[in-house]
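Colleague: Just a sequence and a predicted model for now, questions to come.
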Amino acid sequence: MWCGISDTARDPKPAVEPVRQAFLRVWAWLFVYSVSPFFNMPPISARKTSMTLDQNRPTLRSQRLNQITHAPHEQLDKAVKAYAPFETLAGYARFVVAQYLFQSELQGLYNEPALQAIISDLPARCRAEQAKADLADLNMDTPLPVAGAVRSPGTAEALGWLFVSEGSKLGAAFLIKRAEALQLSDRFGARHLGEPAGGRAAGWKAFVNTLNELPLTAAQEAQLDQGAIAAFERFNVLLQHAYADAPVTEMVQA
């Protein structure tokens with residue numbers, strides 16, 4: 001004390017200090033509370049990556065199928081190019097063998113009533129008979145079945161197989177031009193590559209529109225994917241089988 005006046009009375013700061021500290025604590029708590037959602041957000045780079053993934057995620061079922069089958073599709077393309085089927089008539093005939101084997105294995109799916117209820121013109125879409133006629137044109141025997149064909153798949157898995165078969169008709173537009181260089185056409189030797197009734201684009205659009213609109217469970221989506229991947233892998237097996245005993249003179253390596 002000094003001159004009878006207490007230190008507290010002379011200096012009001014000690015009385016104000018607790019209030020000021022309490023105010024600061026409340027302000028700090030409010031600040032942390034208000035920004036806490038931002039602290040819980042991932043880094044900007046992670047958010048950008050997430051946005052990119054969302055943008056790249058297919059919105060249509062058919063787009064997803066194209067995406068997940070990219071690798072087996074690319075492997076098959078490389079295998080076909082390696083056999084150079086359009087360089088010689090004999091080499092092309094073996095390519096038709098593979099086409100016939102694949103289409104004949106899917107004949108049961110094209111004629112399946114449950115699948116016809118979804119795609120009404122399904123039987124007319126099958127090209128097994130055209131491929132068989134092409135073999136006759138080329139003086140080739142109808143090949144025996146190859147072990148490992150798809151057997152009684154569920155509806156969703158079957159649609160995955162059909163997705164690949166139907167999609168191959170688009171690529172056939174380019175292949176038939178190569179076949180024409182071998183003096184073949186959609187009336188002789190390359191019938192299975194010919195343009196379907198109604199046109200390639202229209203037929204494909206009708207198929208994928210129906211496929212995209214089907215209500216499927218998560219399990220069925222997985223079965224659909226499995227069928228599409230298996231179809232590419234199966235054709236690759238049949239292609240290897242068709243060329244297994246081909247003399248080198250039949251092929252010109254690409």
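Modeller: Good, I have the coordinates.

Colleague: which of the residues in stretch 115-130 are buried?
Modeller: For stretch 115-130, burial by neighbour count (16 or more other C-beta atoms under 10 Å) applies to Leu115, Ile118, Ile119, Leu122, Arg125, Cys126, Arg127, Ala128, Gln130. To be clear about C-beta, it is placed using only N, CA and C from the backbone, and glycine gets the same treatment.

Colleague: Got the phi and psi for the fifth one?
Modeller: By that I understand Arg125. For Arg125, the backbone dihedrals (degrees, to the nearest 10) come out as phi -80, psi -20.

Colleague: Please apply the same query to the third one.
Modeller: Dihedral angles of Ile119 (phi, psi; degrees, to the nearest 10) stand at phi -130, psi 100.

Colleague: Just the pLDDT at it, thanks.
Modeller: Looking at Ile119, its pLDDT reads 98.

Colleague: That one against Thr210, yeah?
Modeller: Yes - applying C-beta atoms under 8 Å, one finds Ile119 in contact with Thr210, separated by 5.8 Å.

Colleague: for the buried residues of stretch 115-130, which one is nearest Arg187?
Modeller: Ranked by distance to Arg187 (C-beta to C-beta), these are led by Gln130 at 10.5 Å.

Colleague: Which secondary structure element is home to the closest one?
Modeller: Assessed by DSSP states H and E, Gln130 sits inside helix 128-137.

Colleague: And the contacts of that helix?
Modeller: Residues outside helix 128-137 that contact it (C-beta atoms under 8 Å, 6 or more residues apart in numbering): 93, 96-97, 99-100, 103-104, 106-107, 141-143, 184, 188-192, 194.

Colleague: among the residues you listed, which are in helices?
Modeller: Within these, residues falling in helices by DSSP state H are Ala93, Val96, Val97, Gln99, Tyr100, Gln103, Ser104, Leu106, Gln107.

Colleague: Need the nearest residue in space to the fourth one, chain neighbours excluded.
Modeller: Taking C-beta to C-beta, 6 or more residues apart in numbering, and ignoring the residues beside it in sequence, Gln99 has Ala131 as its nearest neighbour in space, at 4.8 Å.
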